[in-house]
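Enquirer: When you get a sec, could you give me coordinates for this:
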Amino acid sequence: MTTEEIAALIQENIKDCELEVNTKLPQHEIVVPADKIEEVCQFLKTDKTTFFDTLSCLTGLDNGPAKKSMEVLYHLYSIPNGYRLTLKVVLDREDPKLPSVTSVWKAANWHEREAWDLVGMKFENHPDLRRILSADDWIGHPLQKDYKEQDTYHGITVKYEKD
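Expert: Next comes the predicted model:
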């Protein structure tokens, strides 16, 4: 199936789901509204035509203060069909929240925790949204474009100046 055919199938089966298909990149993507991502993912996993049984990767990106947006990319794979698909959700940088897809794929648990920890996306209804790489009391999200690292952490120098 092509990306366009998958997008058409989604729109036929999910009410009020406006999609944007981008085929200009080497890996085509479907842009999904944040409030529809869980429903779209559930459909793509359970529909016999697509059966995207694997969430290969979930990536959080900060586009920076100038663009005022963040993105979450979902790389899906259908083992029986051999299909690959990328879904993208664009978020407001000031309030980057969207539904969790842990109810669809258990693998989303750690991927979403990493995106929360490093970039700052809030995955609503996540069963255990806490830091996964940084310390629990770390300040900020290190992969945000305007991140300012702490000078010290529990008395240990974090930021070193070049001589």
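Enquirer: in stretch 119-127, what's buried?
Expert: By neighbour count on 16 or more other Cβ atoms under 10 Å, the buried set for stretch 119-127 is Val119, Gly120, Met121, Phe123, His126. Backbone N, C-alpha and C define where each C-beta goes, glycine included.
Enquirer: Pretty sure the third one sits against Asp95.
Expert: Read it as Met121. No: contact criterion Cβ atoms under 8 Å: Met121 and Asp95 do not qualify, at 10.3 Å.
Enquirer: one step back: let's have the buried residues of stretch 119-127 in a markdown table, adding pLDDT.
Expert: Compiled in a markdown table, the buried residues of stretch 119-127 are given as follows (pLDDT from 0 to 100):
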| residue | pLDDT |
| --- | --- |
| Val119 | 97 |
| Gly120 | 96 |
| Met121 | 96 |
| Phe123 | 98 |
| His126 | 97 |
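Enquirer: Just want the most central residue of this protein.
Expert: Val72 (2.9 Å; Cα atoms, centre = their mean).
Enquirer: how many other residues sit next to the nearest residue to it once chain neighbours are set aside?
Expert: By the measure of Cβ to Cβ, 6 or more residues apart in numbering, the closest residue to Val72 outside its immediate chain neighbours is Val89, 4.7 Å from it. Val89 has 22 neighbouring residues, counting by other Cβ atoms under 10 Å.
Enquirer: if we can go back for a sec, now do the same contact list for the residue nearest to the centre of the chain.
Expert: Applying Cβ atoms under 8 Å, 6 or more residues apart in numbering, one finds that Val72 lies in contact with Ile37, Leu58, Thr59, Gly60, Leu61, Lys88, Val89, Leu91, Leu98, Ala115, Met121.
Enquirer: Can you pick out the most distant pair from these?
Expert: For those, the farthest-apart pair by Cβ to Cβ is Ile37 and Leu61; their separation is 15.1 Å.
Enquirer: Which of these two has more residues huddled nearby?
Expert: Using other Cβ under 10 Å as the criterion, Ile37 and Leu61 rank with Ile37 on top: 22 against 18.
Enquirer: got a list of what the residue nearest to that one when sequence neighbours are not counted touches?
Expert: Among residues not flanking Ile37 along the chain, Val89 sits closest, at 5.3 Å (Cβ to Cβ, 6+ apart). For Val89, the contact set (Cβ under 8 Å, 6+ apart) comprises Val31, Val32, Pro33, Ala34, Ile37, Glu71, Val72, Tyr74, Leu98.
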